[in-house]
Every structure is written in C-alpha cells, then in structure tokens.
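Peer 1: Here is a sequence together with a model predicted from it:
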Amino acid sequence: MQQELFAKDPVDQFRPFCYVQGRKKQSTYFGGDRKKGNALMKRGLLSFLLIGVLAPLLAVWSFWSTIKNAVKKVWRAAKATVRTVVRVVITVVNALTVGVFDLLLGFLTWPPKKLRLHIFILADRNGPIVNPSDLTQSLEYAKQTFKDRFNVKLVPYGENMVEIIKKPAPDAALTPDCGVGALNNEFLGEAGEYYASQLAGWNALPISLTFPITAFVVRDVHNKVGCSLGPLTDYLTLDIGGVASKSTLAHEMGHVCNLWHSCSKTNLMWKKAADRGNGAKGFQKNLLRSSRHVQYW
Ligand SMILES: [Zn+2]
C-alpha cells in the first residue's frame, strides 16, 4: 500500500522518511475517521488541562488555605495571650493596691462599691435570641444579691445595661462550649475572637478603668446554661435556659469576680441552678470585692 502511494507521488520519494511516514499515516489515522480523531484530541486536551493546569492550581490553593488557617490560628492565639497577660497584670496591680486595702477593710466593714455590667443579646438569622424583657428576673436577682451580699451596686457600663447586637453572630459564638472547650475557644476559636471584638470597655486593650463585665446571651452553652472562665476573661455566656433560671447570671458573675464553686446549696456558688441559694461567706465577699471589676469609682 505504502509502496503504491510512493509510486503515485514521485516527490514523496525524495522527502525524509519520517515526514512521508507522517503524511501517509495522517490519511489512515483512526481508520481515516476524522471525527473520532477530533474527539480524542479534545479529550486529550481536556485531560491535559485537568491534570497539567487545574490539579497544580488546586494543590496551590489548598496549600495556601492551610497556611492561611494556620496563620489565622496563631494570630488568634497571640491576641488572646496578650489579652490574658494584660488581665493578669491588671489583676495583680489591683490586688496589690485597692485589693489589699479592701481585704484588710473587709474584716471591719464593706463600704459600697460598683460593678459595671453590659449585657449583649446576640442574634441569629431569625432575630435576637431573647427579648430584653426576658432578662428582667435574672437581672433583678443579680442586682439584689450583689447589693445584699457584697454591698456592690450593679450599674450599666453604657447608656443601657441590655443591648441587642442585630447583626447575626457566627454559629460558634451562638453555641459555645464551656470548660476546656471555652478555653480552646478563647485562644483558638472563632467564638473567643468574636466575644473579644464585642467586649464592653475593651478595644485591643482595656479602655476603661472600670473593667466592666460583658454578658453574652447565646442560643445554647454546650451541656450548661451559662459559662465563665473566671478572672481569665471579662465576659460570661448565658443561654436561653440560663436566662430563664433566675440565679445563673449572678452565679456566673461570681465566677468572673474570682469565686469558685461552693459545696453548700444555700450558696450563690452552688453548682446546680435548680436549687441554688444566694448566700455568700466572708471570704467570698472579700474575694469578690477585691476583683478588678468591682471599683469605688
Ligand atoms: Zn459555676
């Protein structure tokens, strides 16, 4: 066959072998089926695009997002560490100045002090988690308990004590963890970063010498109705169940102001909300009143 074609076209006989081979083959590729050839060419080109271009691009993009997420986490942890160090420094300075004075005075008398509280009700896509009026009972209970037990008056930090953040909060902030999970949130999570960005009296650093407590009303605190990391943070979280229980707000505020759990049911720091009293022992009064959140001004 090839010999015949060569014979019909004498010029081909003088062309290099490979060219002649190619030219002759061209007419017989895929049995001369040009459509099939084109389809296969397209498929080849597509495979090249997928494997040669898109795959490396995807790999670079995934590598870049991994790096970006890691940098984000390190940055979050760094900011949380700065916040914690600042709090520890303030706590120590406060304890060595006003705190010592309060502690000594505590054996004689408890002059009136003030605590600034700001409550933020978070919202999801359906609106605020609760209405401000839903907080009346627990707010009144906290005011009364702090006045009666510690001679501390709860006052608003801003114009109003209760405010709604209308812009929907991230899911992580609406359903936070407590305990180790909350610590993890504070240092690495989206929830901790969100709370820090909304804290009353703080910008990157504290901007108010009254060191207010911020309470965030969230949808659900995992396995709890409220949560606080104690003096490590300046905020507490309270979920729908916590709002419904009258003593949870006051109890979590106790944690923020240095108090730990008590094994007496009649005490404000009793673990279970259902049968908790609102009593306080002498040392609890001194500890709470010497917190940086409780001031004479
Ligand atoms: Zn507790």
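Peer 2: Ah, there it is.
Peer 1: contacts and neighbour counts: CA atoms only from here.
Peer 2: Noted.
Peer 1: could you pull out the strands for the protein?
Peer 2: Applying DSSP state E to the chain gives strands spanning 113-121, 123-124, 127-128, 152-156, 162-164, 213-217, 226-228, 235-238, 294-295.
Peer 1: Need the contact partners of the fourth one.
Peer 2: Which is strand 152-156. With contact meaning Cα atoms under 8 Å, 6 or more residues apart in numbering, strand 152-156 is reached by 112-118, 143, 146-147, 161, 289, 294.
Peer 1: which of those residues are buried?
Peer 2: Buried by 16 or more other Cα atoms under 10 Å: 113-118, 143, 146-147, 161, 289, 294, out of the contacts of strand 152-156.
Peer 1: want to throw the contacts of strand 152-156 into CSV with distance to residue 49 and pLDDT?
Peer 2: Shown next, in CSV, are these (distance: Cα to Cα, whole Å; pLDDT from 0 to 100):
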residue, distance to residue 49, pLDDT
112, 75, 93
113, 72, 94
114, 68, 96
115, 65, 97
116, 62, 96
117, 60, 97
118, 57, 96
143, 68, 98
146, 69, 98
147, 73, 97
161, 60, 96
289, 69, 91
294, 66, 93
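Peer 1: Report the two of these separated the most.
Peer 2: Largest separation among the contacts of strand 152-156 by Cα to Cα: 161 and 289, giving 20.7 Å.
Peer 1: would you turn the strands of the chain into TSV with distance to residue 101?
Peer 2: Compiled in TSV, these are given as follows (distance: least, Cα to Cα, whole Å):
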stretch	distance to residue 101
strand 113-121	13
strand 123-124	42
strand 127-128	42
strand 152-156	16
strand 162-164	32
strand 213-217	22
strand 226-228	27
strand 235-238	26
strand 294-295	12
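Peer 1: between those, which one is nearest to residue 251?
Peer 2: strand 226-228 (8.9 Å).
Peer 1: what's the closest one packed up against?
Peer 2: In terms of contacts (3 or more Cα pairs under 8 Å, 6 or more residues apart in numbering; DSSP states H and E), strand 226-228 is packed against strand 235-238, helix 248-256.
Peer 1: could these go into a markdown table alongside mean pLDDT, mean neighbour count and distance to residue 215?
Peer 2: A markdown table is the format used below for the helices and strands packed on strand 226-228 (pLDDT from 0 to 100; neighbours: other Cα atoms under 10 Å; distance: least, Cα to Cα, whole Å):
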| stretch | mean pLDDT | mean neighbour count | distance to residue 215 |
| --- | --- | --- | --- |
| strand 235-238 | 96 | 26 | 5 |
| helix 248-256 | 97 | 25 | 8 |
